[in-house]
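Visitor: Give me a 3D structure for the following:
(chains A and B)
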Protein chains: 2
Amino acid sequence: MKDLSIEDLDARFMAEAIKEARKAAQKGEVPVGCVIVCQGEVISRGHNLREGKNDPTAHAEIIAIRKAASRLKNWRLAGCTLYATIEPCPMCAGAIVLSRIDRVVYAVEDEKAGAVKSLYTLLEDKRLNHQVAEVVKGVREEEVRTLMRSFFKILRKKQV
Amino acid sequence: MKDLSIEDLDARFMAEAIKEARKAAQKGEVPVGCVIVCQGEVISRGHNLREGKNDPTAHAEIIAIRKAASRLKNWRLAGCTLYATIEPCPMCAGAIVLSRIDRVVYAVEDEKAGAVKSLYTLLEDKRLNHQVAEVVKGVREEEVRTLMRSFFKILRKKQV
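Guide: Predicted coordinates:
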């Protein structure tokens, strides 16, 4: 791990988040995946399970945050990096701030609901009691775009 | 129930949310409570459990939304009203929009983190794919203020 640049590490962990997104797609869920990394190790994983769990909060990020906090036995995830395939929505961005995650990496912007850059900039709001120190976007962007496109193409075929 | 006005009903259900907030206080958690009402019936309850559960997402509203969806076996909570003792934060307001709740009633504004009126107006954002039809604030406000004040007074004494 020592020889890898931060860009290499981000690409590597985003590949893990994409694996999670693929698991969601296999279950017929919108393919969104997330992993949380602490001290160079993936400490939790999550993929969207809204339909299967009948849970409007079962986004990949919320699942991964809850698992990470449970594993660390601490709701504060300071020092952790969250990797998400899509720009987090207001709920997930709010949860990221509450959990005091320090770094967020995502692949693709969500112009319709993104709360990191698109509709809101929640992670850097100085009125809230935590700000995410660094946000990186665009890691493995094309891979995630292809996955999303292919999922919705199949979905539309099924609906015809 | 038929003879009760909407104001009477709101006061009655907010009293249930306050009961939940008191449960949180008894556990040493910041006293926030929530109930969700569907067709005149409380279908779920939640109180803040962040410390006890080591879960940054364990806000009263998230717990109540997850329970309501589980009970209805549907992530869509259309037609439901959410009662919260405090103005929901960005995470909880985002979850309310995602769950398609139609009505939100809260007692006290949260100037530091509220995402309904104070810092953001997430519930009425037309760019998102659902808007909450009605928001009512100030129901049993003084009762909740007193509860909060008393909790933080005791907490400060303990910390001295």
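
Visitor: For chain A, which residues are neighbours of chain B?
Guide: Applying C-beta under 8 Å from any C-beta of the partner chain, we find that chain A lies next to chain B at A:50-51, A:53-58, A:62, A:65-66, A:69-70, A:72-77, A:89-95, A:97-100, A:112-113, A:115, A:119-120, A:122, A:125, A:127-129. In this view, the C-beta of every residue, glycine as well, is placed from N, C-alpha and C.

Visitor: From those, list the buried ones, please.
Guide: Neighbour-count burial (16 or more other C-beta atoms under 10 Å in any protein chain shown) is assigned, among these, to A:50, A:53-58, A:62, A:65-66, A:69, A:72, A:75, A:77, A:89-95, A:97-100, A:113, A:115, A:119-120, A:122, A:125, A:128.

Visitor: So which of those residues belong to helices?
Guide: Among these, the subset assigned to helices under DSSP state H consists of A:50, A:53, A:62, A:65-66, A:69, A:72, A:90-95, A:97-98.

Visitor: which among the residues you listed gets closest to A:I18?
Guide: Sorting these by how near they are to A:I18, with C-beta to C-beta, puts A:C92 at the top with 17.1 Å.

Visitor: pLDDT value on A:T85, please?
Guide: On pLDDT, A:T85 comes in at 98.

Visitor: for it, what are its contacts?
Guide: Each residue near A:T85 by C-beta atoms under 8 Å, 6 or more residues apart in numbering or on different chains is listed here: A:14, A:17-18, A:20-21, A:31-34, A:60, A:106-108, A:144, A:147.

Visitor: switch the cut-off to 6 Å
Guide: Remark: with contacts taken as C-beta atoms under 6 Å, 6 or more residues apart in numbering or on different chains, A:T85 is in contact with A:A17, A:I18, A:A21, A:V32, A:G33, A:A107, A:V144.

Visitor: Tell me the spacing between the closest residue to A:E51 other than its chain neighbours and B:D125.
Guide: With C-beta to C-beta, 6 or more residues apart in numbering or on different chains as the criterion, A:E51 has its nearest non-adjacent residue at 5.6 Å, and that residue is A:E29. According to C-beta to C-beta, to the nearest Å, A:E29 stands 24 Å off from B:D125.
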